[in-house]
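Enquirer: Could you work out the structure for the sequence below:
(chains A and B)
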Amino acid sequence: MSYDILVLGGGNAALCATLMAREAGATVRLVEWAPQHFRGGNSRHTRNIRSMHDAPADVLTDTYPEEEYWQDLLKVTGGQTDEKLARMAIRHTAGCRPWMSKHGVRFQPALGGTLHVSRTNAFFLGGGKALMNAYYRSAQALGVEVTYDTEVIDLEMEGGTFRSATVIRNGAEEKIHAKAVVIACGGFESNLEWLREAWGPPADNFIVRGTPYNTGRVLKALIAKGAKSIGDPTQGHCVAIDARSPKFDGGIVTRVDCVSLGIVVNKHGERFYDEGEDFWPKRYAIWGRLVAQQPDQIAYSIIDVKSMGKFMPPVFPPLKAGSLAELAKMLTLDPAALEATVRRFNDAVRPGTFDHTIFDDCVTEGITPPKTHWARKIDTPPFYGYPLRPGITFTYLGVKIDERARMIMADDKPCANVFAAGEIMAGNVLGKGYIAGIGMAIGTAFGRIAGEEAARHVRS
Amino acid sequence: MSAASPRLEALIGEAQRVLAICNACRYCEGYCATFPALQRRLEFTESDVHYLANLCHNCGACLYACQYAPPHEFQLNFPRVLAQVRQQTYRKYAWPQALGALYERNGLVVGLATAASIAFLFIFTSLVSDPARLFQAYSDAQGSFYAVLPHNLMAGLFTAVSLFVMLAFVMGFIRFWPDLGEEPGEFVKPRTFAEALHDVFTLKYLDGGSGDGCTYPDAQPSYARRTFHHFTFYGFMLCLAATSVATVYHYGFGWKAPYALGSVPVVLGIVGGIGLIVGPAGLLWIKSRRDPELVDPRQDGMDVGFLVLLLLVSITGLALTFLRETRAMGVLLAVHLGVVLALFLTLPYGKFVHALYRFAALVRFHLERRRPRPGIAPE
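Expert: Next comes the predicted model:
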């Protein structure tokens, strides 16, 4: 079969590209490896899109100007970002919501039960899966051909021009020809072997928070065919999550949100980083790497009863004990070591006024590492512990693109009919670090651009 | 009671597991009242589970939006487990307690109650009046109904049944409300009571959270369920109004039924009766097309039984209205009153009770909404 445009992948960026291309009149075929129930890649687990706005707009309060957004991004990436592409994505978020609404995406009113981030982020009613459902419904209504359970195994290119893709479905191979292709099939975080190549043996202890279908097969094929790669394979969204989480697909509920309220120790019962450095969600994105650097990639967040109820409830119940020694045993830690660490910590805590909603003045003195906010003695039983592991959400290694979302080859020339969007090119904008909602911003912006440009290419 | 019911215990345990996952995710916050209500809690007692289950309207939005819905290994099916709990709520708080078990095999109960009621009325009819009068054609003169069935018998029977039904509801409520930890006075606070009424009259929580309609019977947003429920609800209310006006006519003015076609009770009854055909027929239709993942199929007997009784009430009522001057009137009257009696008898032990517990849950939601939240840190 032959189509104007073939879209590889079934997440947010893929659907944005699909809908834009279809609206521009192109015939579109979308292939998604996951079965229908698990369609949508990691977009299924997302919840919001970070959006700039110069005035309060629908579900967004106050203002979030381009410059502030850019500075926020610059801070987390430490400059490892392509400013031109980053600013394109940022500006795109100002105007994409009406289009999203037109395709059935609904946003949550900025009332904020537990959420006080309605200034910077627009929340999808029902979350990312609801968003994906809306896009798929819209695609179906527009007559897009979608096939699930379809894995892309290779791409046929002729000197920088895409000809066809080979897919496999129900054991049968099929060659799909198209005038242009949009590649939006994610990163490689669920390819455990590739993770091991990048990280070494510690990767064996990683937990993949998102879809098990992002194995990076297409990414690898593209790089082999001369696409210019971008990004460091060890960089990605890596957070500390509950060690009891499923190996794949645990999503948001696996996060442990009490790190800043207590102390975090490694398997030797020793603290290794300032738990009070920053707020959720900023600290959230650093703890995965921190735990990955600890022996056996395991750590334990320890709090006492004073902190209970002060953080978002995690999905697994904490281990609970009447004494630190007892808790240590439950966590397979040396009781004497944990007691000594807590004693040293408690002795270093200086009096202050505890307030977990601001950078308060509760600090330690004379220990390394210090705890620079929210430091309170861990002295009131029962004591609680959560085991932590690195949880990898998505990877930043990808293909380089230009501002028309065209894939760039190793010779720095763009492919005329190959476009990339979403996680597979997120590394252009996100060299490292993360800010909430930027993934959906990149996917929506470059997904829509890719769809539009692919349709334009087909017409010309 | 809960200790005596292993099924309830297992069910509460599963509901607690599901609620804990939801509480850690919170993506569904905007769909309905159930989610903000659960987010006020870190742990869920058995009473909490009953409360939240009855706040749930089974609109389906959260199931389709759920990243953990089956076949995900968390196997999280929020609307189904709460539907299962609801049935156990009805059973647990039923009065008299022993009749709570009727919820388990309600379809059979409805059938038997209908058959028994009609038989009962026929026997009485033939006992008190000769068969000739039963099959006679009457002119539309006032009082022809009472030539077939004496008024005092009819009124006495229905008054007794109504009083029992009301008592059963009041007792169910008296068992349920304090178990939620609420004072009786809280229930009748005008503002929250009015807000709950507003939710009931508008079926606010079948709007899908965004005005697109709820995802029932399948993943496509639709107003079908809300529309047919409105036909049913308002049809039922109009029929009750018709009966009330007729009662006033009878005792206040001495005017005897049947009343003229253009009279207030007959017009109310005809309009209500049409609503009670369109509504239940529509609900049965979408029920036949719904996604089986959404519901607890074991309750089909209860749901279908109730809807079919409503349909029978309206069909026989309308037939009686339009055929009351023919020889069929006597039989139609006995059949109509029979199914009405069956409907009343089964009200406290069938699907109708959702109105009681859902309303109580909505009142409580609006009460709680104004109370300070327990201190959970902002995300």
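
Enquirer: Just read off the phi/psi values of A:Asp355.
Expert: Main-chain torsions, A:Asp355, degrees, to the nearest 10: phi -150, psi 110.

Enquirer: What is the burial count for it?
Expert: Neighbours of A:Asp355 under the rule other Cβ atoms under 10 Å in any protein chain shown: 12. Every residue, glycine included, has its C-beta placed from N, CA and C.

Enquirer: any idea how far it is from chain B?
Expert: 10 Å (Cβ to the nearest Cβ, to the nearest Å).

Enquirer: what's the answer for A:Ala321, then?
Expert: On the measure of Cβ to the nearest Cβ, A:Ala321 and chain B end up 18 Å apart.

Enquirer: Can you tell me who that residue pairs with across the strands?
Expert: A:Phe383 (DSSP bridges).

Enquirer: residue contacts, it?
Expert: Contact analysis of A:Ala321 by Cβ atoms under 8 Å, 6 or more residues apart in numbering or on different chains lists A:327, A:329-330, A:381-383, A:385.

Enquirer: So what does A:Arg163 have for phi and psi?
Expert: phi -110, psi -50.

Enquirer: Check which residues of the longest helix that chain A contains are buried.
Expert: Identified as the longest helix of chain A according to DSSP state H is helix A:438-459. Buried residues in helix A:438-459, defined by neighbour count with 16 or more other Cβ atoms under 10 Å in any protein chain shown: A:438-455, A:457-458.

Enquirer: Near chain A, which residues of chain B? Just list them.
Expert: B:20-21, B:23-31, B:36, B:39, B:42, B:61-62, B:64-74, B:209-210, B:212, B:219-220, B:374-379 (Cβ under 8 Å from any Cβ of the partner chain).

Enquirer: Point me to the helix or strand that includes A:Lys75.
Expert: helix A:66-77 (DSSP states H and E).

Enquirer: report the angle between the axes of that helix and helix A:438-459?
Expert: 110 degrees (axes from the mean of the first three to the mean of the last three Cα atoms, to 10 degrees).

Enquirer: Other residues contacting helix A:66-77?
Expert: A:50, A:52, A:81, A:83, A:86-87, A:90-91, A:93-94, A:120, A:282, A:285, A:429-435, A:438.

Enquirer: now these: which count as buried?
Expert: By neighbour count, with 16+ other Cβ under 10 Å, those hold A:50, A:52, A:81, A:86-87, A:90, A:93-94, A:120, A:282, A:285, A:429-435, A:438 as buried.

Enquirer: Mind checking which of those land in strands?
Expert: A:Arg50 (DSSP state E).

Enquirer: Chain neighbours aside, what residue packs nearest to residue 223?
Expert: No chain was given, so I picked chain A. A:Ser229 (5.0 Å; Cβ to Cβ, 6 or more residues apart in numbering or on different chains).

Enquirer: you looked at the wrong chain, it should be chain B
Expert: Using Cβ to Cβ, 6+ apart, the closest residue to B:Tyr223 is B:Gly213 (4.1 Å).

Enquirer: Surely that neighbour is in contact with B:Leu203?
Expert: No - contact criterion Cβ atoms under 8 Å: B:Gly213 and B:Leu203 do not qualify, at 10.7 Å.

Enquirer: Which residue ranges of the stretch 1-150 of chain A form strands?
Expert: A:2-8, A:28-31, A:48-50, A:121-123, A:145-147, A:150-158 (DSSP state E, counting those that start in this stretch).

Enquirer: who touches residue 296 in this structure?
Expert: Unless you meant another one, I'm taking chain A. A:205, A:267 are the contacts of A:Asp296 under Cβ under 8 Å, 6+ apart.

Enquirer: hmm, I had chain B in mind actually
Expert: B:Asp296 touches B:80, B:83-84, B:87, counting by Cβ under 8 Å, 6+ apart.
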